[in-house]
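Asks: build me a model:
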Amino acid sequence: MSRIFFDNAATTPLDPEVLTAMTEVMAKNYGNPSSIHSEGRTARALIEQARKTVANTLNCSIGEIFFTSGGTEANNMALKNSVRDLGVTRIISSPLEHHCVLHSLDSIRETGNASVEMVRIDEKGSVDLEDLKTRLAASDEKTLVSLMHSNNEIGNLLPLDTVAAICEEAGAYFHCDTVQTMGYFPIDLDVTNVSFLSGSAHKFYGPKGIGFVYICNDNIIKPYLDGGAQERNMRGGTENIYGIVGLAKALEKAVTEREARAEKISSLKTHFIEKITTTYPDVTINGDSINSHFKVLSVSFPESPRGELLLMNLDLHGVSASGGSACSSGIDVGSHVIGHLSPDSKRHTVRFSFSHLNSLEEVDAVVEKLGGML
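Replies: Below is the predicted model of the structure:
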């Protein structure tokens, strides 16, 4: 059997149809979209059609979508610009956010321009909504709430509509990192009041190095990257045309096939949980196994001398998985999420994340291979 890729929360394979759309643009559309001649206008049209695709998916205005280099830039832009341009002096977030959010908050805190508070997290890793309400009610400061839609390590889902309503009632801005859920769950921004939202193409079978940020029209912020007038004066730099086209194609396909993909991936996750917990009774599942993303599964293995080598052995046996977020320059530093939830635990965590391209046979093979590693 060929290698088994169970690390789809880190990235996903590039869809062949997306690759075709991108290479066609690479070969035929070399104009600079800021140029006024025919080649430039053709390139501009491709970008605006892609913007329309994203806006239609989220049910928002095309003027509220801005292409970025990925989710990290989008999240940095939302957080730092809300302080710089909107007068936010307090941010409420969680200790389980992605590092691009946590490190951005560190930078903001160091400037002294805004304070940062962490909402309480329950024992399963979910946000305590009552604590969020209490914190919002405790101050009249201009506040931004930054919480991710799905945790990238344990999969827990935030009740997006509920949190949006809580923030709206309190008069707070709401930034949501939707990098893990974009294309997997429907989001209607005409119904759900979100101030900022982020997406990244490589999480839904598109190319790396391209993403987008949604900025509600009510929020007037200045460019994050200074330069030319690209992206409606919001982001300087010549646009990544084939990346943008690839993002739109991947998102369009993800939405069209969303229900079928969700059903397939959910069946894989359910089968994996049943198989591994039955075969190895000492194995447990981290996070909320019910209210979670259907593609993410964090598995806790009992302490053992061989546990430290579990990821390496899986790799040697042709299985790709991870110990935490894949954003630490290739170094397995463990999971800050699990470290927060179980600070004294010596158990070993592996995150398996699934795709509609995976199979039940692959699940069975991985569970079997684990038998020789525990």
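
Asks: surely residue 338 and residue 345 touch.
Replies: Yes - counting by Cβ atoms under 8 Å, residue 345 is a contact partner of residue 338 at 7.5 Å. For the C-beta atoms, the positions are set from N, CA and C on the backbone; glycine is no exception.

Asks: stretch 23-42 - what's its average pLDDT?
Replies: Mean pLDDT, stretch 23-42: 96.

Asks: what sits against residue 161?
Replies: For residue 161, the contact set (Cβ atoms under 8 Å, 6 or more residues apart in numbering) comprises 191-192.

Asks: just checking, next helix/strand downstream of the helix or strand hosting it?
Replies: Residue 161 is part of helix 160-170 when elements are defined by DSSP states H and E. Using DSSP H and E, the next helix or strand after helix 160-170 towards the C-terminus is strand 173-177.

Asks: what's the overlap in contacts for residue 338 and residue 345?
Replies: Residues touching both residue 338 and residue 345 (Cβ under 8 Å, 6+ apart): residue 300.

Asks: give me the more crowded residue out of these two.
Replies: Higher neighbour count among residue 338 and residue 345: residue 338, with 24 against 13, using other Cβ atoms under 10 Å.

Asks: A strand includes residue 369, no?
Replies: No - in this structure, residue 369 is helix, not part of a strand, as judged by DSSP: H, G, I helix; E, B strand; the rest coil.

Asks: how far away is the residue nearest to it when sequence neighbours are not counted from residue 298?
Replies: In space, and not counting its chain neighbours, residue 369 is closest to residue 317: 4.9 Å by Cβ to Cβ, 6 or more residues apart in numbering. Going from residue 317 to residue 298 by Cβ to Cβ, to the nearest Å gives 20 Å.

Asks: what do you get for residue 6?
Replies: Separation of residue 6 from residue 298 (Cβ to Cβ): 12 Å.

Asks: got it, and residue 224?
Replies: Distance from residue 224 to residue 298, counting by Cβ to Cβ: 32 Å.

Asks: looking at these two, which one has more neighbours?
Replies: Neighbour count, other Cβ under 10 Å: between residue 224 and residue 298, residue 298 has more, with 29 against 21.

Asks: quick check, the more buried one in contact with residue 156.
Replies: No - assessed by Cβ under 8 Å, residue 298 is found out of contact with residue 156, at 9.5 Å.

Asks: any common contacting residues for these two?
Replies: residue 287.

Asks: please identify the helix or strand for residue 198.
Replies: Using DSSP H and E, residue 198 sits in strand 196-200.

Asks: which element follows that strand toward the C-terminus?
Replies: strand 211-215.

Asks: direction included, what does that following strand pair against?
Replies: Strand 211-215 has the following sheet partners, assigned by DSSP bridges: strand 65-68 (antiparallel), strand 196-200 (antiparallel).

Asks: I'd like the average pLDDT over the last one.
Replies: Spelled out, it's strand 196-200. In this model, strand 196-200 carries a mean pLDDT of 98.

Asks: give me the domain ranges for the chain.
Replies: Here the domain parsing of the chain from automatic domain parsing is 4-12+258-370, 16-256.

Asks: quick one: end-to-end distance for the longest one.
Replies: I take that to be domain 16-256. By Cα to Cα, to the nearest Å, the extent of domain 16-256 from end to end equals 16 Å.

Asks: please apply the same query to the shortest one.
Replies: From the first residue to the last, domain 4-12+258-370 extends over 13 Å; the measure is Cα to Cα.

Asks: distance of residue 127 from residue 166?
Replies: Taking Cβ to Cβ as the measure, residue 127 falls 10 Å from residue 166.

Asks: hmm, I was thinking of residue 93
Replies: Counting by Cβ to Cβ, the separation of residue 93 from residue 166 is 14 Å.

Asks: ok, the two, which is more surrounded?
Replies: residue 93 (23 against 18).

Asks: how about that one, phi and psi?
Replies: Main-chain torsions, residue 93, degrees, to the nearest 10: phi -140, psi -160.

Asks: how much space between it and residue 163?
Replies: In this view, residue 93 and residue 163 are 12 Å apart by Cβ to Cβ.

Asks: isn't residue 296 up against residue 148?
Replies: No - judged on Cβ under 8 Å, residue 296 makes no contact with residue 148 at a distance of 11.9 Å.

Asks: anything in contact with each of these two?
Replies: With Cβ under 8 Å, 6+ apart as the test, residue 296 and residue 148 both reach residue 180.

Asks: if I've got this straight, residue 299 is in a strand?
Replies: Yes - under three-state DSSP, residue 299 sits within a strand.

Asks: which ones are touching it?
Replies: Taking Cβ under 8 Å, 6+ apart, we find residue 299 in contact with 276, 283-286, 349-352.

Asks: could you rerun that using 7 Å?
Replies: The neighbours of residue 299, taking Cβ atoms under 7 Å, 6 or more residues apart in numbering as the test, are 276, 283, 285, 349-350, 352.

Asks: do the same with residue 51
Replies: Counted by Cβ under 7 Å, 6+ apart, residue 51 has contacts 62, 65.

Asks: state the next helix or strand along the chain beyond the helix or strand where residue 104 lies.
Replies: Assigned by DSSP H and E, residue 104 falls within helix 99-111. Next along the chain after helix 99-111, taking DSSP H and E as the criterion, comes strand 115-118.

Asks: what does that next one contact?
Replies: Contact with strand 115-118 is made by 89-95, 105, 108-109, 135, as judged by Cβ under 7 Å, 6+ apart.
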